[in-house]
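*Asks:* Just need the structure, nothing else, for what follows:
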Amino acid sequence: MTEPVRDSVEAALDLDEKEVYSHIAHESAQDIIRIISSLDAERARLHGEVIYYKDDWDDLIRERIAKGKRHTAFDFYNPALLDIWEAKVREGKKVRNLEKAGYAAIGLVLLVSVLASWLASEPYFLLGLSVLPLALLIRDVARERLDLIYYELTQFFIDELRSLVEKHGLDPERYKFKVFSGGYFSVETRRTPSGIFAIVKSSGRGG
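*Replies:* Model prediction:
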């Protein structure tokens, strides 16, 4: 019979005060690097890249809840993290829904114009064809907005990781994370045979 999963804070309470915060900071940093890589993978997919990296965000939250309501980074360290994360995810879903609604509206106009052409024997379908370029515009606007959402959220978590590393004296090398796009601040990237990894730069490292 397997042992029950212990709450992160319960496990930490077996340690002395300094080790408690070090333990929680370590688990928080592990959560954050998973989130960063997942977000950046989604951003790279928006750019048309084929990315095989998969780490379900909902899975991560479920894992944290399984450890108890106090789930490291999202409660003990900074309770606002989960709210900010979920707000951005909702914003992204809203953009995707608006994109789908735009395509549906264009499809409806095209269908109506074809039916009108058939019933009236007039080339009304040309009107429907004239709105097709709007589909490209909708796609580009949606992709740009989603890219910004993913970028802002990824950079936010990178900044949180950097703050955590500095505040608790963690070794940044232990918390390197896989990246698929670029343009982020306060990190240095390294190319390895298994991909590109980033490491946060603390103030002492010129960050």
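*Asks:* count of residues packed around residue 30?
*Replies:* 14 (other CB atoms under 10 Å). C-beta here means a position set from N, CA and C on the backbone, and glycine is covered the same way.
*Asks:* What distance do you get for it to residue 123?
*Replies:* Separation of residue 30 from residue 123 (CB to CB, to the nearest Å) stands at 62 Å.
*Asks:* what do you get for residue 142?
*Replies:* For residue 142, the distance to residue 123 equals 31 Å [CB to CB].
*Asks:* Which of those two has more residues huddled nearby?
*Replies:* residue 142 (20 against 11).
*Asks:* What's the first helix or strand after whatever helix or strand residue 165 lives in?
*Replies:* Secondary structure from DSSP states H and E places residue 165 in helix 133-168. With elements assigned by DSSP H and E, the helix or strand that comes after helix 133-168 is strand 177-178.
*Asks:* what packs against that following strand?
*Replies:* helix 17-46, strand 195-200 (3 or more CB pairs under 8 Å, 6 or more residues apart in numbering; DSSP states H and E).
*Asks:* Show me the residue at the heart of the protein, geometrically.
*Replies:* residue 39 (2.6 Å; CA atoms, centre = their mean).
*Asks:* ok, that residue touching residue 155?
*Replies:* No: with contacts counted by CB atoms under 8 Å, residue 39 stays clear of residue 155, the gap being 9.5 Å.
*Asks:* number of nearby residues for residue 192?
*Replies:* When neighbours are counted by other CB under 10 Å, residue 192 comes out with 9.
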